[in-house]
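Novice: mind looking at a prediction? Sequence and model below.
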Amino acid sequence: MIRKVFKKRNSNSKLDAIIDKYHIPREYLSVNRNSVSKAVLIGIFFAFIPMPMQMLAVVLMIPFIKFNVPIGVSLVWITNPITMPFIFYGELIIGDLLTLSPINQDLDFMVELFTMDWFTTDFLSKLMEIVVPMYLGALFTAVVLSISGYYLVRYLWWRSVHHQKLKREERFHTKP
């Protein structure tokens, strides 16, 4: 199933010309179980880390790990401007649970969060109160989801190959 989705790529002469012109190694575009699962691992990991230029971070991983770059870069967009607040708030809650130090979540805290008085007096202490649990939750979420995605892709790929093999054997044995 998943293998068929990635393997159904028609050869495009324009794309091949660009690849040849800029000397892009084929392994960065290859579609096999290892490269796709590594791309999912890296893409999901950087998607859940709150940082600017997540796609650049994925591209900077190219010299260290060989993976399918287009898939890795596109997975970063799991956290897009629409989903980002919900995901980062969830990571803040997870980090809050991991640090065992509850964040002051009353309405007064949320109202005074962006006032000028807050920026001038309590900015650094309140910011650290939010940033540490958020990044701890983000790191935990990124590691758990990226490893889960890695093994899920590998399992689905294996299952697809195994299912295809069984269908081929069944077709071979049923012919008169």
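Specialist: That came through fine.
Novice: helices and strands of this structure: which one has the lowest mean pLDDT?
Specialist: helix 107-112 (a mean of 52; mean pLDDT, DSSP states H and E).
Novice: for this structure, which spans come out with low pLDDT?
Specialist: 1-12, 15-16, 18-19, 22-24, 26, 103-123, 126, 175-176 (pLDDT under 70).
Novice: which residues touch the residue lying closest to Tyr28 once chain neighbours are set aside?
Specialist: Excluding the flanking residues, the one nearest Tyr28 by CB to CB, 6 or more residues apart in numbering is Val69, at 4.6 Å. Backbone N, C-alpha and C define where each C-beta goes, glycine included. Neighbour list for Val69: 28-29, 39, 58-59, 62 [criterion: CB atoms under 8 Å, 6 or more residues apart in numbering].
Novice: Ile62 against Tyr28, yeah?
Specialist: Yes: counting by CB atoms under 8 Å, Ile62 touches Tyr28, with 6.7 Å between them.
Novice: phi first, then psi, for Ile49.
Specialist: phi -90, psi 120 (degrees, to the nearest 10).
Novice: which stretches of this structure form helices?
Specialist: Per DSSP state H, the chain carries helices over the ranges 2-7, 13-21, 33-47, 54-60, 69-75, 84-99, 107-112, 116-120, 123-174.
Novice: re earlier: most neighbours, which of the contacts of Val69?
Specialist: Compared across the contacts of Val69, Ala39 has the highest neighbour count, 28 neighbours, by other CB atoms under 10 Å.
Novice: that one is in contact with Leu75, isn't it?
Specialist: Yes: counting by CB under 8 Å, Ala39 does reach Leu75; the two are 7.0 Å apart.
Novice: that older thread, tell me the most buried of the helices of the chain?
Specialist: helix 33-47 (a mean of 23; mean count of other CB atoms under 10 Å).
Novice: list the contacts of that helix.
Specialist: By CB under 8 Å, 6+ apart, helix 33-47 touches 3, 6, 27, 54, 57-58, 61, 65-69, 71-79, 142-143, 145-147, 149-154, 157-158.
Novice: and if you look at stretch 48-56?
Specialist: The contact list for stretch 48-56, computed with CB under 8 Å, 6+ apart, reads 46-47, 57, 73, 76, 78-79, 87-88, 91, 134-135, 138-139, 141-142, 145-146.
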